[in-house]
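Asker: Make a model of this:
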Amino acid sequence: MLGLEEGAPAMRPAVSILIVARNTGPFIGDAILSARQQTCRDIEIVVVDDASTDDTRAIAERHAAQDARVRVLDGPQAGLAAVRNASLSAARGRWAAILDSDDLLHPAHVARLVAAAERTGATLVSANMVSFNVDEGLTRTALFADAPEWRQERDIDLLAFVRSNGVAAGGVSTGYLKPLFSLDFLRAHGLEYDLRLRIGEDYDLVARALAKGARYVFLPRPTYFYRRHAASTSHRTSLRDLDGLMAAADALPRLTGDAAVLSAVAHRTAGIASAQAHVRSLDALKARRPAAAIRALGTDVAAWRLMARSFAEGGVKRVARLTRRSVAAGDATPAVLVVGDEAPGMPGHRVIVRAAPADDAARAALADGLPPLERIVVVPPATQDDAGYAMAPALTRVIQPHG
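Answerer: Sure thing, here's the model as predicted:
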């Protein structure tokens, strides 16, 4: 809970939760709090602030003053990969768990990943995610990996990993998952983030770890909450970003001679080239140079498909802006969420009742459509674990068992 002081972790904690940040003041407090509320207590939380100009640093330092497990460090101001490397270098744990500064963790996230790593002997473990955004006071959610093949625990080998991370590959882009890494493995093999990358840096590191013999296990239960918003790095792909991906594309071929993997890498590289053509064309359209936009696409069928998708998505967004209704002020006031089969009497409160989630899709949907919450009440057969899926607003409130 907020205000409770935590003791310093052991000399070498089990897990280092690594957060890198720059100007994420609206979100980083909830991110750090979700790390502090992990059921696995043997952790440290390393926050590397890369010269923020908003209140990011002040928020992080307030958490550090309340909890000795939180350390706030200065970033190198040399790009995202360099900041991530600074966090890896500072980590003292046996494992490193990645948490982006605008995302959130379920309270059991770290404990489940570590348990799976110890049970399977895996070098990397990731959990399924709930992707979410908050729009006009309401939370909207979706289960990240929802296809049948992602509904059970599975290994992800190098070939499957590369194939799932092509540009516009469709399906589940496993490079978005946030794994738990064995720090001993990374250091023994000299693995760190590629400084040329601003996007795709997680994919690149995991791919090189797999090429070095790492075992990667995926857990279907979603315990990582991935926030989508206008300022997200993944929403701002630039030509410079893609140039970095292209420059780093030769890393895997230097580590493996597997023909199938090399073919998948070549396909991914071709996809990056198509994305470059697409961005050049979009830039030309923004500059009102339609002929140059057409020349940029040339005969690249994949680039034309990306352009068609851009127009379609733009149309959907415009329609959504025109048809979306603002949430009434009364509906946006803090509410009480009851998770379980029946609602206890709460006169004077706005009570929202949700059934105890029965599967991962229902867990991901528990917060869908919720306004800011004042508190959560858990009614059997629901559990505290279920309450964790109410996500962002609830993490700063009291989770209160009923009765």
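
Asker: Next one: Arg305 from His106, what distance?
Answerer: To His106, Arg305 is 36 Å away according to C-beta to C-beta, to the nearest Å. Quick note: C-beta positions are derived from backbone N, CA and C, even for glycine.

Asker: So which residues of the stretch 151-300 of the chain form helices?
Answerer: Ranges of helices within the stretch 151-300 of the chain are 158-163, 183-188, 201-211, 239-247, 259-286, 290-297, based on DSSP state H, counting those that start in this stretch.

Asker: now, of those helices, which is deepest in the fold?
Answerer: Most buried of these by mean neighbour count (mean count of other C-beta atoms under 10 Å) is helix 201-211; its value is a mean of 24.

Asker: Next, the angle from it to helix 239-247.
Answerer: Counting by axes from the mean of the first three to the mean of the last three C-alpha atoms, to 10 degrees, helix 201-211 lies at 10 degrees to helix 239-247.

Asker: Need the mean per-residue confidence for helix 201-211.
Answerer: The average pLDDT for helix 201-211 rounds to 96.

Asker: Between Arg305 and His106, point out the one with more neighbours.
Answerer: Legend: neighbour count by other C-beta atoms under 10 Å for Arg305 and His106, higher for His106 (26 against 13).

Asker: what's the distance between the closest residue to that one other than its chain neighbours and Asn128?
Answerer: Spatial nearest neighbour of His106, excluding adjacent residues (C-beta to C-beta, 6 or more residues apart in numbering): Thr223 at 3.8 Å. As judged by C-beta to C-beta, Thr223 and Asn128 stand 8 Å apart.

Asker: Low-confidence stretches in the stretch 151-300 of the chain?
Answerer: 167-170, 230-236 (pLDDT under 70).

Asker: May I have the residues that are in contact with Thr39?
Answerer: 107-108, 110-111 (C-beta atoms under 8 Å, 6 or more residues apart in numbering).

Asker: Which one of these sits in the busiest neighbourhood?
Answerer: Val110 (26 neighbours).

Asker: mind checking the SS state of it?
Answerer: The local conformation at Val110, judged by DSSP: H, G, I helix; E, B strand; the rest coil, is helix.

Asker: tell me the pLDDT at Ala58?
Answerer: 97.

Asker: any idea how far it is from Val261?
Answerer: Ala58 is 46 Å from Val261, where distance means C-beta to C-beta.

Asker: Break the chain down into its structural domains.
Answerer: 15-235, 239-323, 335-401 (automatic domain parsing).

Asker: tell me the most buried of the ones you listed?
Answerer: Counting by mean count of other C-beta under 10 Å, domain 15-235 has the highest mean neighbour count of the domains of the chain, with a mean of 20.

Asker: how distant is it from the center of its chain?
Answerer: 6 Å (C-alpha atoms, centre = their mean, to the nearest Å).
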